[in-house]
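Chemist: Take a look and give me a structure for this.
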Amino acid sequence: MAPADGFCGIDPDGMGQLATSLRGAADRLTAFSKEFDGKLRRHGIATPALREIADIADWGGTQVSMLHGRIDLINALGKGAPELDGGGDRSSLVHLPDELEGFETARGLASMYGNDILVNHGGELQAALIHEHADEVAKLAKNPQAAAAFFALLSPQIRDSLASLIASTGSKTARKDLAAFSAALGAALRAPALVPAFAKVRADLVKPAGSKVTAWNRLALLKSANAPSNVRSAAARALVLDDFAKKPRQDWRAAGPTETKVYGLPSDVVALGLEVLAEDGTAARDAFARMGGADVKLSQADKMKRFLDYAKGAGTGDEVADAFGRVLEAGTESTTEKAGRHSPAAAAFALDAMRAAGSFGDDLPTVAKDSMVIIAKSYIHELASGTRFDKAVDRASGIGVPENWVALPGVTPAFYLSPGDAHRFLKTFVGDKRLTDDFDKTAAQFRHDTLTAAARLDARDGTRYFEDTARVFGDLAGVEFKATLDVRGERDATDDLILDITKNTLALGVDQIPLVGPLADEGIKAGWELAKAYGISTALDGWADGFETRVEEVTGARSDFVLRQKYDMAHILHESGYPASDLPAELISKSTGNLKTYDELLAEAKREAGEDKGWEQALREKLTPYEHWMDSNNNLDTKIEDASHFQTSDQAKEQLRVWN
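Modeler: Next comes the predicted model:
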């Protein structure tokens, strides 16, 4: 029969009446068949028809059991559903998805785990039984409403201790088994809420748990669930972070060594709350914006500092700092959005994150520093703008464009750091050479690409973007190296810089010197290292002379970094098409057909050197036509000299003393 008004469903009360009627009919049929079977047999009359009637009665009995089971299931899944609008006997009907078969499976699994496996067994047998049926739980993720039914039918006591119960069995597959439950829960949370009884499960997950152990178990279940952002945020806040924001000074450990070893999860419930937010930028931003509710008057940056303060003083500090760093990565969208094109929400979060982390400088917990360099690379535009001293040097960090600011092509910050905040943030990671090298690769490429773009604009329009851009990157390089000096000390920082500059040229044998082109990674990185050396070259009394001496001590060769920077500028301008006369034949590279790099000329000089002529003389002879060519192109030569001069200035260092 076609459904009336487009609706077809089950009325539990009506089905109950049907079951009662069917039960009565079956009983009467059974009694009838027994009575007449006995009478007829006394007269020797066969009764096959009565046997068929008895079979019908038996069938009716089984159907009664099925109907009552289905009534119980529907009523259980419908708990908490508001009555539908409208009058008549339809007002009590509950809308459920057409998932009865899946619901039956879910009920069976919930009963098996909740009434048997997790309560009547222990040890290896319990572990084996949990694992044996975990795949069936995982499959529920393909049927989100059935998954919702499973958790709705599982007792809250079991649900709130799943992680601990599974771990306590000593199972070697505990991590995989818990992941199966998490996958099913995540599917249910992501699906439309069509199973009314699941609303209570959802509500329980996002309200205070009453104990840190229960909170830890709920968060452990959510950790791999890929839950919606609003659930992650609400759960992390309700279960731990709101309380932490109000009263951070307490023992937040909630899990024992068994759970932490089995799952690889932190014992600290604060750290686990942060883990739930990690990799979900929307959840991270929402949680920090709302954390603590109206009772907490802290700014977002101050909330961030509270976690770092706690991490530095708690025995579980590394757990917290590591998770916190990854939450900042997520909230800033450092791995999901392109540098220079960040969304307003991510940028606002990043501004607070960089200021909060920067207030700790090198004192930031070590395990969080990897995250800082990821943020630094993603927000390289903001750092390059933040270290500028040519405009609005008295600016405070903020989203708005500073007064009298002049934008440069290719540098598109979403917010504007003060020089002091930029310097302090750089100090969070420059003490670790591995992290500094990682950042420098990004800074070097950004410098090269931006200078190249500026040179092309100048060549086309006669502007002076190249010089201004060179100054900006000179400031950034100088402030970065000043931060390195502050953290690591002059000798250590200087020696590493020397090795970085010379490792591809002076420190290698003649035959090993690479012909580094302007687009090669090594050449681009070398240009940045030179910029760092220039940016700080007069920052300390006698530093420039000392730098030359240290080069000789470390490499056994004199420094040529002053020359390299000048020719680096010339090469970028020429490759970008800046107007100039034709190149002399001796300056054209056979390998590229373009202007030779300084490294190519140096390599040639060392190959041609002999007993009668040192490589320094040979290099001087090779650079003579280079100088004549530049001198004959006055506009190009002036541009090269100005750009080089801007990058060798110690202005950034001197101004940092005032504006830090």
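Chemist: tell me the pLDDT at Glu132?
Modeler: For Glu132, the pLDDT comes out at 94.
Chemist: Check which helix or strand it maps to.
Modeler: Assigned by DSSP states H and E, Glu132 falls within helix 123-139.
Chemist: could you dump that helix to CSV, C-alpha only?
Modeler: Taking C-alpha atoms only, helix 123-139 is exported to CSV below (Å, rounded to 0.1, in the frame of the first residue of the first chain):
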residue,chain,number,x,y,z
GLY,A,123,42.6,-10.3,30.5
GLU,A,124,43.5,-12.0,27.2
LEU,A,125,40.0,-13.4,26.5
GLN,A,126,38.5,-9.9,26.9
ALA,A,127,41.2,-8.4,24.7
ALA,A,128,40.6,-11.0,22.0
LEU,A,129,36.8,-10.5,22.1
ILE,A,130,37.2,-6.7,21.9
HIS,A,131,39.4,-7.0,18.9
GLU,A,132,37.3,-9.8,17.2
HIS,A,133,34.4,-7.5,16.8
ALA,A,134,36.2,-4.1,16.5
ASP,A,135,36.0,-4.3,12.7
GLU,A,136,32.2,-4.5,12.9
VAL,A,137,32.2,-1.3,15.0
ALA,A,138,34.5,0.3,12.5
LYS,A,139,32.1,-0.6,9.6
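Chemist: Residues contacting it, please?
Modeler: If you take CB atoms under 8 Å, 6 or more residues apart in numbering as the criterion, helix 123-139 is touched by 105, 109, 112-113, 117-118, 121, 150, 166, 169-174, 176-177, 179-181, 183-184. C-beta coordinates here come from the backbone N, C-alpha and C atoms, glycine included.
Chemist: how about a cut-off of 6 Å?
Modeler: 109, 117, 166, 169, 171, 173, 177, 180-181, 183-184 (CB atoms under 6 Å, 6 or more residues apart in numbering).
Chemist: and if you look at stretch 585-594?
Modeler: Contact with stretch 585-594 is made by 595-596, 600, 625-626, as judged by CB under 6 Å, 6+ apart.
Chemist: any idea which of these has the most stuff around it?
Modeler: Lys596 (24 neighbours; other CB atoms under 10 Å).
Chemist: So that one versus Asp568, what's the distance?
Modeler: 12 Å (CB to CB, to the nearest Å).
Chemist: Helices of the stretch 101-250 of the chain, residue ranges please.
Modeler: Assigned by DSSP state H, counting those that start in this stretch, the stretch 101-250 of the chain shows helices spanning 118-120, 123-139, 144-153, 156-159, 162-168, 174-190, 198-205, 212-223, 229-236, 242-246.
Chemist: got any ranges where the chain has weak pLDDT?
Modeler: Where the chain drops to pLDDT under 70, the residues are 1-77, 80-98, 498, 501-523, 534-563, 645-660.
Chemist: Look at stretch 186-200 and report the distance between its end residues.
Modeler: Using CA to CA, to the nearest Å, the end-to-end distance of stretch 186-200 comes out at 15 Å.
Chemist: tell me which residues of it are tucked away?
Modeler: 186-189, 191, 195-198 (16 or more other CB atoms under 10 Å).
Chemist: Would you reformat those residues as JSON lines and include distance to Asp637?
Modeler: Output for these, formatted as JSON lines (distance: CB to CB, whole Å):
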{"residue": "Gly186", "distance to Asp637": "64"}
{"residue": "Ala187", "distance to Asp637": "67"}
{"residue": "Ala188", "distance to Asp637": "70"}
{"residue": "Leu189", "distance to Asp637": "66"}
{"residue": "Ala191", "distance to Asp637": "69"}
{"residue": "Val195", "distance to Asp637": "77"}
{"residue": "Pro196", "distance to Asp637": "79"}
{"residue": "Ala197", "distance to Asp637": "80"}
{"residue": "Phe198", "distance to Asp637": "75"}
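Chemist: what's the closest of the residues you listed to Gln617?
Modeler: Gly186 (71.4 Å; CB to CB).
Chemist: do you know how far the closest one is from Val393?
Modeler: 50 Å.
Chemist: what's the closest non-adjacent residue to Pro266?
Modeler: Leaving aside its chain neighbours, Pro266 sits nearest to Glu319 (3.7 Å; criterion: CB to CB, 6 or more residues apart in numbering).
Chemist: Quick one: residues contacting the one you found.
Modeler: For Glu319, counting by CB under 6 Å, 6+ apart, the contacting residues are 266, 268, 271.
Chemist: was I right about the second one contacting Thr316?
Modeler: Yes: using CB atoms under 6 Å as the test, Asp268 is close enough to Thr316 to be in contact (3.8 Å).
Chemist: From Asp486, how far out is the nearest residue to Arg290 once chain neighbours are set aside?
Modeler: Among residues not flanking Arg290 along the chain, Arg237 sits closest, at 6.3 Å (CB to CB, 6+ apart). For Arg237, the distance to Asp486 equals 37 Å [CB to CB].
Chemist: If you count surrounding residues, which of these two has more?
Modeler: Per other CB under 10 Å, whichever of Arg237 and Asp486 has more neighbours is Arg237, with 25 against 18.
Chemist: Can you give me the neighbour number for Val406?
Modeler: Neighbourhood size, Val406 [other CB under 10 Å]: 10.
Chemist: Hmm, I typed the wrong one, I wanted Asp204.
Modeler: The number of residues packed around Asp204, counting by other CB under 10 Å, is 17.
Chemist: what's the closest non-adjacent residue to it?
Modeler: Leaving out its chain neighbours, the residue that sits closest to Asp204 by CB to CB, 6+ apart is Pro156, at 6.5 Å.
Chemist: Kindly report the same for Phe151.
Modeler: Val201 (4.8 Å).
Chemist: Please tell me how far the residue nearest to Asp204 sits from Arg237.
Modeler: According to CB to CB, Pro156 and Arg237 sit 20 Å apart.
Chemist: residue ranges for the helices of the stretch 501-650 of the chain, please.
Modeler: 521-535, 543-555, 561-575, 598-608, 615-631, 634-648.
Chemist: which stretch among these comes nearest Asn404?
Modeler: Comparing the helices of the stretch 501-650 of the chain by CB to CB, helix 634-648 comes nearest, at 19.2 Å.
Chemist: And that closest one, how far out from the chain middle?
Modeler: Centroid separation for helix 634-648 versus its chain: 41 Å, with CA atoms, centre = their mean, to the nearest Å.
Chemist: Just want the angle from that helix to helix 615-631.
Modeler: 120 degrees (axes from the mean of the first three to the mean of the last three CA atoms, to 10 degrees).
Chemist: ok and helix 634-648 relative to helix 561-575, angle-wise?
Modeler: 130 degrees.
Chemist: From the contact counts, what lies against helix 634-648?
Modeler: helix 465-488, helix 521-535, helix 561-575 (3 or more CB pairs under 6 Å, 6 or more residues apart in numbering; DSSP states H and E).
Chemist: Just tell me which of the ones you listed ends up closest to Met291.
Modeler: Using CB to CB, the nearest of these to Met291 is helix 465-488, at 30.2 Å.
Chemist: any residues touching the closest one, and which ones?
Modeler: By CB under 6 Å, 6+ apart, helix 465-488 touches 362, 384, 387-390, 408-409, 423, 426-427, 430-431, 447, 450-451, 454-455, 457-458, 493, 531-532, 535-536, 642-643, 646-647, 652-653.
Chemist: With stretch 442-459 instead?
Modeler: 377, 380, 409-410, 463, 465-466, 469, 473, 524-525, 528, 572-573, 576-578.
Chemist: returning to that earlier point: what's the neighbour count on the residue nearest to Phe151?
Modeler: For Val201, using other CB under 10 Å, the count is 20.
Chemist: on that earlier part again, so what's the gap between the host helix or strand of the residue nearest to Pro266 and the chain middle?
Modeler: If you go by DSSP H and E, Glu319 is part of helix 317-332. Relative to its chain's centre, helix 317-332 lies at 9 Å (CA atoms, centre = their mean).
Chemist: Alright, calling it a day.
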